[in-house]
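J.: sequence plus predicted model, see below.
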Amino acid sequence: MAVEIARWESLLADDEVVYRGLEPARDPSSEPLPDGLEPGLASSLVANGISGLFAHQAEAWEAAHRGENVVVTTGTASGKSLAFNLPVLDAIAREPKTRALYLYPTKALAQDQARALTELRVKGVRPAIYDGDTPPERRWQIRKWSNLILTNPDMLHVGVLPHHDRWGDVLHNLRYVVVDEAHVYRGVFGSHVANVLRRLRRLARIYDADPQFLLASATIANAGELAGALIGEPATVVEHDTSPRAEREVVIWNPPLVDPELGQRASPLGEAARLLSQLASQGFRTICFTKSRKAAELVHRFASQRVEIATAARLAPYRAGYTPEQRREIERRLVEGDLLGVTATDALELGIDIGLLDCAISVGFPGTVASLRQQWGRAGRRGRGLAVLIASEDALDQFFAREPDALLSRRVEAAILDHANPRILDPHVLAAAFEAPLDRSDEGTLGPEALERAAALPELEETPAGYVWRGRDYPAARISLRSGDTDSFTVVDATSGALLGLVERDRAYSTVHEGAVYLHLGEQYVVEALDLETRVALVAPASVDWYTQVKKDTETAIEEVERSESRLGLELDFGRVVVSEQVVAYARKAVRDGSTIDVVPMLMPETTFETEAVWFCPEPRHLEELERMPVLLGTLHAAEHALIALLPLRAMCDRWDIGGLSTNVHFQTGRPTIFVYDGHAGGVGITSRGFDGFEGWVEDTARLLARCPCTSGCPSCVQSPKCGNLNEPLDKAGARTLLERMLRA
């Protein structure tokens, strides 16, 4: 072990290392297998080397045995799968007619769990995967004979619930529903999934079943609240991790400045490739997480060029877009120890068993502390581990590089969703009415809001049996679980006719306008035409050294103030606003340095949506000597950008989920005003977290501005990749002064 430490020491001697620390080892707390376990299951566990449980697994078993819903929220590799498998396998071993439904956010996770369940060889347990890859001729067989069905929310939503007559036996005998990686179900996606699970509970009751829900999640701040929001019932929280953990060294690595005045740093992908190649060359088994598929491929290519041929053959990328066979082969080589280095997107962040690794590198902060902990949890399975965050030039990354304690001492975030948001709820009410007539008895599963909305939806008809669907199609097919907008544009490759993807209408005008650069599986395309009537974007393959960013006219109108408090010497408001946006031009920008090549005028249709926002009007004393134009507008604009950059610290979201507006005179307040709003129609609770933690949010943002070494603003502090005003005007010094004066108040 001392040799390993010395070898790491030589790799971490660079000036780029801005933090090094140790996370201590943890001893396990174990208990024997429960006395009440079905004997055949107990024998199978022992045969597979499982002779006892960690204390938190035993706690989950007891809660499930009492008939409670359970959510287990412990760290990576803490045995969450066994915690939820045990009650399910025990029930099936006692009565093979019992059915269980397992939901996973990715197909790879379902494949991994199916393998693990098969290897346990528990008598009477017949697991099967039912997803979009399942051949049609196999589907009826699975419905008939499998008692443990592994699927995903999308298939449950569109392939199972609308056709529940084919699933009658499964629903009648449904005893358990397992929801793994529950922290993934947040924001718009989580709000949709919460409605899907309520529809499942409702249909199960129609078939005389009342299943228990067993959820597993990464460590988050509000596991019980999230579980309750997802399933509509309370759940017992198991959160004290009693599994063993090896000592882990934690490193924050900041690429060197290449232009201090502009705040420009060396490429984090290049730094990751250098570190990965050095670790792999010394025999350390390493996983490197990137934020995009293209980045995963680039780091792999750069690292392979740095090592000997034999070592390069033991490196591989792993991302979506590969065939199932290719992914399974990479997973097999990982588990068996053949691979020394893997570059991956967050597809491998989730709970796939990829064997024993020494090191985990995260290229760029993945968006949440919970995700970072998931990624770092991959390191140190064979002994002492190394976990590295390589900071990108993003504002949040640079904040953590300069304030390591703000990251390492920070509690994991709260996952938030809002299943009753009418924009999301309404199509699920239609889907539920298609599945069975809606009446007051359904309030217990779907919630009272669903019945209120049913009365207002013209596509439903009130009959003596309840509200029924009047259409001829089935409404579930209209809903994308990952979007709050049911109107989508289709992206088509003009050279081959291939369908590349779907883009929500609200985002289409910004991302697939004529002339836009569109990325798909890491490949570049340029949009040749956008047909607003047929909602089709035609794109052609391209290889260009520029990207596009739109210029938008935005207006925010206050609809209702829901909360108002005196905070930091000013009045802070939270409530409902209406946001109107119109794309009026786009800029072509050089990939090399972000400089503007040209600006092309255009006019897209205006979009309008209602959402939640937090806003405030700085007092005259906050703006003293900043009130002249354009300093005032630049001050407000820069403060708005920096606040948006750090709001993800308060909620599990991405800066792309947040919008903002700053103006020197707002038409309703009559004063200089800064708005920050949820970027999804209806809102999903993001800005309400900002309102709750306003003082800490402003303090973090002021520190970000104070410690960024650039002269007048850069991507690491006030420049935004999504600014509708093309990052003009921005006054970093003014924003810092404003926020620091607020804090002194």
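T.: Arrived safely.

J.: for the nearest residue to Ala436 once chain neighbours are set aside, give its distance to Gly168.
T.: Distance criterion CB to CB, 6 or more residues apart in numbering; nearest residue to Ala436, sequence neighbours excluded, is Ile206 at 5.8 Å. (C-beta placed from N, C-alpha, C; glycine too.) Separation of Ile206 from Gly168 (CB to CB, to the nearest Å): 10 Å.

J.: so for these two, which residue has more residues nearby?
T.: Neighbours per residue (other CB atoms under 10 Å) separate Ile206 from Gly168, with Ile206 holding more: 17 against 13.

J.: first-to-last residue distance for stretch 476-488?
T.: 15 Å (CA to CA, to the nearest Å).

J.: what's the answer for stretch 641-651, then?
T.: By CA to CA, the extent of stretch 641-651 from end to end equals 17 Å.

J.: so what pLDDT did the residue nearest to the spatial centre of the chain get?
T.: Among the residues of the chain, Val184 comes closest to the average C-alpha position under CA atoms, centre = their mean, at 5.5 Å. Confidence at Val184, expressed as pLDDT, is 86.

J.: please name the nearest non-neighbouring residue to it.
T.: Pro105 (4.6 Å).

J.: what is the neighbour count of that neighbour?
T.: 20.

J.: the one 3 residues further on now?
T.: Under the neighbour criterion other CB under 10 Å, Ala108 is assigned a count of 20.

J.: tell me if I am right that it is in a helix.
T.: Yes: assessed by DSSP: H, G, I helix; E, B strand; the rest coil, Ala108 belongs to a helix.

J.: for Arg328, see how far away it is.
T.: Ala108 is 9 Å from Arg328, by CB to CB.

J.: do the same with Gly659
T.: 40 Å.

J.: and if you look at Leu407?
T.: 35 Å.

J.: and what of Leu647?
T.: Applying CB to CB, the value for Leu647 to Arg328 is 39 Å.

J.: so for the two, which sits in the more crowded spot?
T.: Neighbour totals were compared for Leu647 and Arg328, and Leu647 leads with 26 against 15 (other CB under 10 Å).

J.: now do the same for Arg7: its pLDDT.
T.: pLDDT recorded at Arg7 is 63.

J.: one more: the one 5 residues further on?
T.: Confidence at Leu12, expressed as pLDDT, is 81.

J.: next, the contact list for it, please.
T.: Arg20, Val251 (CB atoms under 8 Å, 6 or more residues apart in numbering).

J.: where do the helices sit along the stretch 351-500 of the chain?
T.: In the stretch 351-500 of the chain, the helices defined using DSSP state H, counting those that start in this stretch lie at 369-376, 395-402, 404-408, 422-435, 443-446, 448-454.

J.: ok, now the stretch 101-250 of the chain?
T.: Using DSSP H, counting those that start in this stretch, helices in the stretch 101-250 of the chain cover 107-120, 136-145, 153-155, 168-172, 187-206, 223-231.

J.: repeat for the stretch 551-700 of the chain
T.: 631-646, 686-692, 694-707.

J.: residue ranges with poor pLDDT in this protein?
T.: 1-7, 319-324, 327, 347-355, 381-382, 483-487, 520-522, 592-593 (pLDDT under 70).

J.: how far away is the residue of it most remote from its centre from Pro437?
T.: Going by CA atoms, centre = their mean, the residue of the chain most distant from its centre is Pro464, 42.8 Å out. Distance of Pro464 to Pro437, given as CB to CB: 9 Å.

J.: cool, Tyr176 as well?
T.: Counting by CB to CB, the separation of Tyr176 from Pro437 is 28 Å.

J.: more neighbours: these two, which one.
T.: Tyr176 (22 against 18).

J.: quick one: secondary structure of the closest residue to that one other than its chain neighbours?
T.: Leaving aside its sequence neighbours, Tyr176 sits nearest to Ala100 (CB to CB, 6+ apart; 4.3 Å). Three-state call for Ala100 (three-state DSSP): strand.

J.: counting neighbours, what do you get for Ala100?
T.: 28.

J.: so what's Val307 up against?
T.: Each residue near Val307 by CB under 8 Å, 6+ apart is listed here: Ser277, Ala280, Ser281, Leu315.

J.: state the distance from it to Leu339.
T.: 13 Å.

J.: so what's in contact with these two at the same time?
T.: Counting by CB under 8 Å, 6+ apart, the residues touching both Val307 and Leu339 are Leu315.

J.: count of neighbours near the nearest residue to Gly367 once chain neighbours are set aside?
T.: Excluding its sequence neighbours, the residue lying closest to Gly367 (CB to CB, 6+ apart) is Asp654, at 5.1 Å. Using other CB under 10 Å, Asp654 is surrounded by 16 other residues.

J.: ramachandran coordinates for Asp654?
T.: Backbone torsions for Asp654, taken as degrees, to the nearest 10, come to phi -120, psi 150.

J.: so it versus Lys291, what's the distance?
T.: Relative to Lys291, Asp654 is positioned 10 Å away (CB to CB).

J.: do Ala64 as well
T.: Taken as CB to CB, the span from Ala64 to Lys291 is 36 Å.

J.: more neighbours: which of these two?
T.: Per other CB under 10 Å, whichever of Ala64 and Lys291 has more neighbours is Ala64, with 24 against 19.

J.: same for the helix or strand harbouring that one, what does it pack against?
T.: Per DSSP states H and E, Ala64 falls inside helix 55-65. For helix 55-65, the elements it packs on are strand 30-32, strand 70-73, helix 80-94, strand 212-217, strand 236-238, judged by 3 or more CB pairs under 8 Å, 6 or more residues apart in numbering; DSSP states H and E.

J.: pick the most buried one from these.
T.: Across the helices and strands packed on helix 55-65, the average number of neighbours (mean count of other CB atoms under 10 Å) peaks for strand 70-73, which reaches a mean of 28.

J.: packing partners for that strand?
T.: Using 3+ CB pairs under 8 Å, 6+ apart, strand 70-73 sits against helix 55-65, helix 80-94, strand 212-217, helix 223-231, strand 236-238.

J.: now do the fourth one: everything it contacts.
T.: Residues from elsewhere that reach helix 223-231, judged by CB under 8 Å, 6+ apart: 69, 71, 73, 179, 182-183, 185-186, 190, 193-194, 197-198, 201, 213, 215, 217, 220, 234-237, 239, 414-417, 419.

J.: got the angle between that helix and helix 187-206?
T.: Following axes from the mean of the first three to the mean of the last three CA atoms, to 10 degrees, one obtains 60 degrees for the angle between helix 223-231 and helix 187-206.

J.: chain center to helix 223-231: distance?
T.: 16 Å (CA atoms, centre = their mean, to the nearest Å).

J.: hmm, back to that, now do the contacts for the residue nearest to Val184.
T.: Pro105 sits in contact with Asn152, Pro153, Asp180, Glu181, Val184, Tyr185, Leu350, where contact means CB under 8 Å, 6+ apart.

J.: what's the answer for Pro541, then?
T.: Asp493, Thr495, Glu523, Gln524, Tyr525.

J.: and the gap between the spatially closest residue to Lys123 that is not a sequence neighbour and Ala47?
T.: Excluding the flanking residues, the one nearest Lys123 by CB to CB, 6+ apart is Gly40, at 4.9 Å. Gly40 is 11 Å from Ala47, where distance means CB to CB.

J.: more neighbours, those two?
T.: The neighbour comparison of Gly40 against Ala47 (other CB under 10 Å) goes to Gly40, with 16 against 10.
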